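Chemist: Need a 3D model of the sequence below.
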Amino acid sequence: MSKHTLTLQVVYALPHTLWQQDLTVPAHTTIAQALKTSTLYREHPETVNLDVGVFGELVQTDRLVKQGDRIEIYRPLSFDPMESRRRRAEHRARQSAQKTGGKALSIAAQMLPNRNT
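Modeler: Got it, this is the predicted structure:
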């Protein structure tokens with residue numbers, strides 16, 4: 001790497017695989033330009049309008065890349081996070097009810113210290 005080029009990585013996580021590509025780009029390259037330089041859009045055209053981030057932080061594609069950046073492509077969520085939390089809480093309550101002989105404890109009650117020990 002010279003002073004005039006930067007190395008970075010483009011990453012796109014699919015449900016069962018990870019697509020990634022290392023790139024060397026000229027200094028003063030934007031994220032949009034880096035993505036066009038990569039083969040991502042040719043191999044995964046569905047990514048053209050998806051959100052983009054760098055190291056977990058959502059960024060605009062007109063941002064300049066920095067040495068060592070990991071450009072991440074964010075797929076839309078395939079589930080509603082609130083619904084998932086509700087289902088997990090219901091599942092834990094059912095499991096707790098089974099363990100306590102049908103008496104479901106509230107989450108707050110489960111957090112209290114056990115006074116019988």
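Chemist: hey, which helix is longest across this structure?
Modeler: helix 81-99 (DSSP state H).
Chemist: Quick one: list the elements packing against that one.
Modeler: In terms of contacts (3 or more CB pairs under 8 Å, 6 or more residues apart in numbering; DSSP states H and E), helix 81-99 is packed against helix 107-111. All C-beta spots, glycine's among them, are computed from the backbone N, C-alpha and C.
Chemist: Let me see the mean pLDDT of the helix it packs on.
Modeler: For helix 107-111, mean pLDDT rounds to 59.
Chemist: Hmm, residue 9 and residue 23 touching each other?
Modeler: Yes - applying CB atoms under 8 Å as the test, residue 23 and residue 9 come out as touching, 7.2 Å apart.
Chemist: So which of these two has more stuff around it?
Modeler: Set residue 23 next to residue 9 and count neighbours by other CB atoms under 10 Å: residue 23 wins out with 20 against 15.
Chemist: Could you grab the helix/strand/coil label for the more buried one?
Modeler: Classification of residue 23 by DSSP: H, G, I helix; E, B strand; the rest coil places it in strand.
Chemist: so it bridges to which residues?
Modeler: residue 8 (DSSP bridges).
Chemist: if I look at it, how far off is residue 60?
Modeler: Going from residue 23 to residue 60 by CB to CB, to the nearest Å gives 19 Å.
Chemist: next one: residue 31
Modeler: On the measure of CB to CB, residue 31 and residue 60 end up 8 Å apart.
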